[in-house]
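**Student:** let's see this in three dimensions:
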Amino acid sequence: MPTGMLHLDTGNTSFMILCASLVMLMTPGLAFFYGGLVGRKNVLAIMIQSYVSMGLTTVLWFLFGYSMCFSGDLKTHTDLYGIIGNFQLCCLNGVNLGTPSPVNPTIPLAVFFAYQNMFAIITPALITGAFTNRVTFKAYMIFLTAWLILVYFPFVHMVWGGGLLASWGVLDFAGGIVVHNIAGIAALASVLYVGKRHVTDRGPHSIPLVALGTGLLWFGWYGFNAGSEVAVDAVTATAFINTDIAASFAAISWLFLEWSLSKKPKFLGLLTGAVAGLATVTPAAGYVAPWAAAIIGVVSGIVCYGAVAMKNKLEWDDALDVWGVHGVGGFLGIIMLGLLATKGFNPNGANGLFYGGADFFGKEVAAVIGSSFYAFIFTYGMLWIIDKITPVKVTASTEETGLDEGLHGEQAYV
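**Tutor:** Okay, here's the model as predicted:
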């Protein structure tokens, strides 16, 4: 449990409440983003998968999720082998008005609890874009629960909760490994297990909805990245501006690359590029200089575009490009962090390979490769087990009817 006394700083606390609210807004933003990308008959089915995470994940987070992530640590031998916490904070047991956050004693634990809860909500929701139009709601609910317990919670503890990777010296400012890489790799495992759709959408049914979702995601991402400093200081400001710089450079890079190849400037490409830049800069936002964020943006726009093109060539039915944007983006972001991190912009960070930190670079590479294997194997195995309990994939007739009507008995448009 957190020790010490709360030394309340109203500025830090107010800022973190605002950031928690911004990150919460990202999940509805994701629902609009994904909802616009699918066909008219499957809008509600994909959106409910994001919104139900807001409810179910919070229930799990309160019951035991927060405790699995942030109680105990490897250094003091008070967690379980550096992989998960010790369950002493289940249902916020022992937490009162004077309990400080485990990472900043000027913020109440309750605020940190809420902020990290919003991360837990959106991470599994990212995966849903990969298997859209194919998975039963019952199977998804089991998957959501199991994936949080077996994949997300352990990685939060290992990286941010004083667990195995943290003790090793691995850094991840706001979720390159913890959020985007493991979600994107889980998406790939899901695509390969579930297989292709019987009925493929003819294309996005509403690009304006995608644009609205992108705007909400971009806006919320300032809380996602800047808030990960868990204080108001110069690093917070750097993370904020790095987020905007990377997203902008990535959006323009993707736009011009696609324009040069297709001969038309695509709005959807601009939007997708922005999200790729946001995902890629996330682990590095508070550890690199603004010029490095610009490089990260350009590289992410090009590499993630290439990943999506490769996915299409291989005929993987990652419907909404979760692997290409988040999986590759998160992986790339950790690599770029290992190259470009500098203590000149965060004394509590590390120096990357370009600043003489070869050892740090090696740790980052090893960590992200390990997280990729872990997320893929556990996700694939999890889906296999769930399929023995209840069918994972919807029937061809349900796909033809549309999941909105077939699974939920509702229609987005009449």
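**Student:** residue nearest the centroid of the chain?
**Tutor:** Val179 (3.2 Å; C-alpha atoms, centre = their mean).
**Student:** that one reaches Thr282, doesn't it?
**Tutor:** Yes: with contact defined as C-beta atoms under 8 Å, Val179 reaches Thr282; the gap is 6.9 Å. In this view, the C-beta of every residue, glycine as well, is placed from N, C-alpha and C.
**Student:** mutual contacts of those two, please.
**Tutor:** By C-beta atoms under 8 Å, 6 or more residues apart in numbering, Val179 and Thr282 have these common neighbours: Gly330.
**Student:** if we can go back for a sec, if I look at the closest residue to the residue nearest to the centre of the chain other than its chain neighbours, how far off is Gly82?
**Tutor:** In space, and not counting its chain neighbours, Val179 is closest to Thr123: 4.9 Å by C-beta to C-beta, 6 or more residues apart in numbering. Using C-beta to C-beta, to the nearest Å, Thr123 is found at 21 Å from Gly82.
**Student:** more neighbours, these two?
**Tutor:** Thr123 (26 against 21; other C-beta atoms under 10 Å).
**Student:** gap between the more buried one and Thr282?
**Tutor:** As defined by C-beta to C-beta, Thr123 lies at a distance of 12 Å from Thr282.
**Student:** lowest confidence element among the helices and strands of the chain?
**Tutor:** The least trusted helix or strand in the chain, going by mean pLDDT, DSSP states H and E, turns out to be helix 396-401, with a mean of 94.
**Student:** check which helices and strands that helix is in contact with.
**Tutor:** Helices and strands touching helix 396-401, by 3 or more C-beta pairs under 8 Å, 6 or more residues apart in numbering; DSSP states H and E, are helix 403-408.
**Student:** off-centre distance for the helix it packs on?
**Tutor:** Offset of helix 403-408 from its chain centre (C-alpha atoms, centre = their mean, to the nearest Å): 27 Å.
**Student:** same deal with stretch 70-83?
**Tutor:** When distances are taken as C-alpha atoms, centre = their mean, stretch 70-83 is centred 24 Å away from the chain's centroid.
**Student:** span of that stretch from start to end?
**Tutor:** End-to-end distance for stretch 70-83: 11 Å, by C-alpha to C-alpha, to the nearest Å.
**Student:** I'd say the residue nearest to Val179 and Tyr152 touch.
**Tutor:** Yes: the pair formed by Thr123 and Tyr152 meets the contact definition of C-beta under 8 Å, at 5.6 Å.
**Student:** so what's in contact with the two at the same time?
**Tutor:** What both Thr123 and Tyr152 touch, as defined by C-beta under 8 Å, 6+ apart, is the set Val178, Ile182.
**Student:** and the strand or helix carrying Phe361, what's buried?
**Tutor:** Using DSSP states H and E, Phe361 sits within helix 358-389. By neighbour count with 16 or more other C-beta atoms under 10 Å, helix 358-389 contains the buried residues 360-361, 363-365, 367-368, 371-372, 374-376, 378-379, 382-383, 386.
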